[in-house]
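> sequence unknown, structure follows:
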């Protein structure tokens, strides 16, 4: 039996910090912890939230989907069977549809499985692309980071792709080449900090995305029209020795790869649309303490309001490849996966986002 420990905290305010006033006289944002869940010997690596606010966690070591209600009580525990039959998966990238069904993309098999609330297979369809980072808007339109072959054999193209509810590709929005480059001497050259295409959908189905090392965030309407570009004239922090030591392979071991180390880290680490039209952009800056991250807050018009401290979610600075974030905004809640300093103990937490 796995020991479970659930801690609720209604009084702990994680952090309050806003360096500029918001509209209407509001002056600060708070992240107040309202739920903390932990288990022995689990490895949570992705969280999603259903239409009722229940939190679902993918745990990697045992390949299990765990569900918790609003109070933190476990309500679901399902093994994700590996295989190619109905209800079996090579990869498992889930989202909840607006009607509460679970859509699980299996990019390795180019297959999408739809499951009901009892986790029974309702429908299986073939995907028209190889893609992960699956998200869905309120109309059932699907978004993926699709992987396509590039002219360079060792590299791929990563393309933010919009699909209709039927699965047909509607639009390729933006893309870039990703992966190592082969040199004439047979060595492979790669960037230590690879470009990552990050995107999010807000409550109005606007698409928010960033895809370069610059501080540029693009906002597109549900119809695909670019309606806003958010920029800041700031220099990201310099790459530090601890960054290089953490990410570079052991120099004593021979490798066919040579990594290019830039002077500065990329600008944007995560995008989190808030329900009131504000946008929280987590950056790779340091917030001055180990337990928090730096997040830039923008209003509905893209005006910079100030920098806030954000709860430090697990692997916020994982820069080697695109991946889903270990944090999720649902209504006024900020849900995170967090770990101790040794990454041996993990928690799933929920914070209430409030203006003060």
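Arrived safely, thanks for sending. No experiment lies behind these values; they were computed from the predicted model shown. Numbering: from 1, shown residues only.
> quickly find the element holding residue 176.
strand 169-178 (DSSP states H and E).
> which elements pack onto that strand?
Applying 3 or more C-beta pairs under 8 Å, 6 or more residues apart in numbering; DSSP states H and E, one finds that strand 169-178 makes contact with strand 156-163, strand 207-210. To be clear about C-beta, it is placed using only N, CA and C from the backbone, and glycine gets the same treatment.
> weakest of those by average pLDDT?
Ranked by mean pLDDT, the helices and strands packed on strand 169-178 end with strand 156-163 in last place, scoring a mean of 92.
> what about the helices in the chain?
Along the chain, the segments classed as helices by DSSP state H run 241-247.
> for it, give me the ranges with low pLDDT.
The model of the chain has pLDDT under 70 over residues 1-27, 152-153, 288-289, 318-325.
> at 50 what do you get?
The model of the chain has pLDDT under 50 over residues 1-25.
> on that earlier part again, can you give me the buried ones in the strand holding residue 176?
By neighbour count on 16 or more other C-beta atoms under 10 Å, the buried set for strand 169-178 is 169, 173, 174, 175, 176, 178.
> ok, now stretch 231-251?
Applying a neighbour-count criterion of 16+ other C-beta under 10 Å, the buried positions in stretch 231-251 are 232, 236, 239, 243, 247.
> show me which of the residues you listed is closest to residue 114.
Minimum separation from residue 114 among the buried residues of stretch 231-251 (C-beta to C-beta) is found for residue 247, which lies at 37.9 Å.
> could you measure from that closest one over to residue 262?
Distance from residue 247 to residue 262, counting by C-beta to C-beta, to the nearest Å: 12 Å.
> now for the two: what residues contact both?
Taking C-beta atoms under 8 Å, 6 or more residues apart in numbering as the contact rule, the neighbours common to residue 247 and residue 262 are residue 192.
> thinking residue 259 is in contact with residue 191, fair?
Yes - shown here, residue 259 and residue 191 form a contact pair, counting by C-beta atoms under 8 Å, at 7.0 Å.
> excluding sequence neighbours, find me the nearest residue to residue 161.
Spatially, and ignoring its direct neighbours in sequence, residue 161 is nearest to residue 146 (4.3 Å; C-beta to C-beta, 6 or more residues apart in numbering).
> which residues does the one you found form beta bridges with?
Per DSSP bridges, the residues bridged to residue 146 are residue 131, residue 159.
> was I right about it contacting residue 131?
Yes - under the criterion of C-beta under 8 Å, residue 146 lies in contact with residue 131, with a separation of 3.9 Å.
> can you list residues touching both of these two?
Shared contacts of residue 146 and residue 131 (C-beta under 8 Å, 6+ apart): residue 161.
> residues contacting the nearest residue to residue 160 once chain neighbours are set aside?
Across the structure, with C-beta to C-beta, 6+ apart as the measure, the residue nearest residue 160 apart from its sequence neighbours is residue 173 (4.4 Å). In this structure, residue 173 makes contact with 159, 160, 161, 162, 207, 209, 220, 224, judged by C-beta under 8 Å, 6+ apart.
> try it again at 7 Å.
Neighbour list for residue 173: 160, 161, 162 [criterion: C-beta atoms under 7 Å, 6 or more residues apart in numbering].
> now do residue 295
When the contact criterion is C-beta under 7 Å, 6+ apart, the partners of residue 295 are 280, 281, 282, 307, 308, 310.
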